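[1] I'd like to go over a predicted model; first the sequence, then the structure.
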Amino acid sequence: MIKHNLFFVSTMAAFILAACSTPPIVRNETINELIIRNATVSALEEVKLRVPKTNSLVSCNIILPRAECSLGFRELENKRNPATLSWIQRGQQYQKNIVTQIPNNLVEGEPSTVIITIEDDGKMTSRLEQE
């Protein structure tokens, strides 16, 4: 009975300590460039990145095969707002939610570049990168 109570008390203490621990810190990195890469062998047309919360829109009329569209801007904090990317490839319309991979080893105080890569069949990846 004593062993059972001791196990129960220690388990409850561990649970309470875990529940009271501080939440993980979300690092708000800064960005100063956006690159949209066409990794396909066909042109991408009407490429549009939308951030509804801020009513922001970035567009590129055409991105040639194996080329990119880039936009530099003043450094700003990445608010991680939901965003979508849409484009037309070989007559087919695509729209994807942007989910950006944020590496743990970013240097604080150094701005990052958002790199979105479009591949065949509507596949898309997004990541932050520092020089």
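    Everything's here; your move.

[2] residue closest to the middle of the chain?
    Taking CA atoms, centre = their mean as the criterion, residue 100 is the residue nearest the geometric centre of the chain, at 1.5 Å.

[3] which element is residue 106 on?
    According to DSSP states H and E, residue 106 maps onto no helix or strand at all.

[4] where do the strands sit along this protein?
    Assigned by DSSP state E, the chain shows strands spanning 30-38, 44-51, 56-63, 68-77, 84-89, 92-97, 100-101, 112-118, 124-129.

[5] I'd like these written out as a markdown table, with mean pLDDT added.
    A markdown table is the format used below for the strands of the chain (pLDDT from 0 to 100):
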| stretch | mean pLDDT |
| --- | --- |
| strand 30-38 | 96 |
| strand 44-51 | 97 |
| strand 56-63 | 95 |
| strand 68-77 | 94 |
| strand 84-89 | 97 |
| strand 92-97 | 97 |
| strand 100-101 | 94 |
| strand 112-118 | 97 |
| strand 124-129 | 96 |
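
[6] Only C-alpha atoms, please: export stretch 101-115 in PDB.
    C-alpha atoms of stretch 101-115 as PDB (Å, rounded to 0.1, in the frame of the first residue of the first chain):
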ATOM      1  CA  GLN A 101      10.000  25.000 -42.400                       C
ATOM      2  CA  ILE A 102      11.900  27.000 -39.800                       C
ATOM      3  CA  PRO A 103      15.300  25.600 -38.900                       C
ATOM      4  CA  ASN A 104      16.400  25.600 -35.200                       C
ATOM      5  CA  ASN A 105      19.900  27.000 -36.000                       C
ATOM      6  CA  LEU A 106      18.900  30.400 -37.300                       C
ATOM      7  CA  VAL A 107      21.300  33.200 -36.100                       C
ATOM      8  CA  GLU A 108      19.300  35.600 -34.000                       C
ATOM      9  CA  GLY A 109      19.400  39.100 -35.400                       C
ATOM     10  CA  GLU A 110      20.300  38.000 -38.900                       C
ATOM     11  CA  PRO A 111      17.500  38.200 -41.400                       C
ATOM     12  CA  SER A 112      16.300  35.200 -43.300                       C
ATOM     13  CA  THR A 113      15.000  34.500 -46.800                       C
ATOM     14  CA  VAL A 114      11.800  32.700 -47.500                       C
ATOM     15  CA  ILE A 115      12.400  30.200 -50.300                       C
END
